[in-house]
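Trainee: here are the coordinates; sequence isn't available:
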Ligand SMILES: N[C@@H](CCC[C@H](N)C(=O)O)C(=O)O
């Protein structure tokens, strides 16, 4: 056996949801191709393509499609709300449909196109047990974690730590994000949100994403922020989350947390074979 050079070009699509940007690889009808190494290489904004998350589309068994998510540092993510909306957008377009079901590590999600063209996804019910979020140990109150600032912990298929601050715009996210992301209270690390309440239907949020860093928007983070604010009695069940990249509309319902917002295609391209290694020949 010797290594032979991979000559296959890998097609991908670049999309974004409010500036939260994604590389989308369609692996339906074949084995998965994304590895931690490929995810890291592709995620490099200088030597690769650059993205916040990579979404690999897989064949669905009990759903229309399945989705795997990767962060730009090569780690896996259990949920990615904006990438789910972006993929739902193109899958619904291709099938000339207005709804789609998507199997993710988080569970079975459903998405639909609204009359105004925006894509809405039901991100499921928030996790409210410490070991499902997950936290490293039980805490007496998920809305007053034993950390400076007493943030809230919310699981949306991935962990979130939501800080309520006076002014989200004046938080040094790059300074505060990484230490919370890697606090031992979060055995799988965490996404970190800084939020202030504008009124009962509007909040402002900035985010530090686990495995990626500062992003212009985070869909699961917006859901987590709304859930935390609602649990604290600060907002109604429908709220607009004002992110650096634009607004996301969140509605907390009995069947799950709905997230609605814009999606955009950027370009389609093919990855040079040299970028994605060798195969045994
Ligand atoms: N941008 C995403 C969340 C991405 C996953 C996250 N970084 C993690 O590791 O959990 C979204 O729109 O939800």
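Mentor: Alright, I've got the coordinates. Predicted model, so just to flag it, every value in this text is computed and none were measured. Numbers count the residues shown, from 1 in each chain.

Trainee: which pLDDT value belongs to residue 274?
Mentor: Residue 274 carries a pLDDT score of 85 in this model.

Trainee: where does it land in three-state SS?
Mentor: Judged by DSSP: H, G, I helix; E, B strand; the rest coil, the three-state class of residue 274 is helix.

Trainee: show the backbone phi and psi for residue 78.
Mentor: Backbone torsions of residue 78, given as degrees, to the nearest 10, read phi -80, psi -20.

Trainee: quick check: it touching residue 109?
Mentor: No - using CB atoms under 8 Å, residue 78 makes no contact with residue 109, being 11.7 Å away. Quick note: C-beta positions are derived from backbone N, CA and C, even for glycine.

Trainee: and those two? Which one has more around it.
Mentor: For residue 78 versus residue 109, neighbours defined as other CB atoms under 10 Å are more numerous around residue 109 (22 against 17).

Trainee: and residue 129, how many neighbours?
Mentor: Residue 129, neighbours per other CB under 10 Å, totals 11.

Trainee: and it, how far is that from the ligand?
Mentor: Residue 129 sits 18 Å away from the ligand, going by CB to the nearest ligand atom, to the nearest Å.

Trainee: what does residue 100 give?
Mentor: The gap separating residue 100 from the ligand is 17 Å, by CB to the nearest ligand atom.

Trainee: strand partners (parallel or antiparallel) of the one helix or strand that residue maps to?
Mentor: Assigned by DSSP states H and E, residue 100 falls within strand 99-104. The pairing partners recorded for strand 99-104 under DSSP bridges are strand 65-71 (parallel), strand 107-113 (antiparallel).

Trainee: most tightly packed of the ones you listed?
Mentor: For the strands paired with strand 99-104, the largest average neighbour count (mean count of other CB atoms under 10 Å) is found in strand 65-71, namely a mean of 23.

Trainee: quick check: mean pLDDT of that one?
Mentor: pLDDT averaged over strand 65-71 gives 98.

Trainee: quick check: next helix or strand after that strand?
Mentor: strand 76-77.

Trainee: just give the number of residues close to residue 87.
Mentor: Residue 87 has 27 neighbouring residues, counting by other CB under 10 Å.

Trainee: does it sit in a helix or strand, and which one?
Mentor: Taking DSSP H and E as the criterion, residue 87 maps to helix 81-95.

Trainee: that helix and the ligand in contact?
Mentor: Yes - counting by CB under 6 Å from any ligand atom, the ligand has neighbours in helix 81-95: 81, 82.
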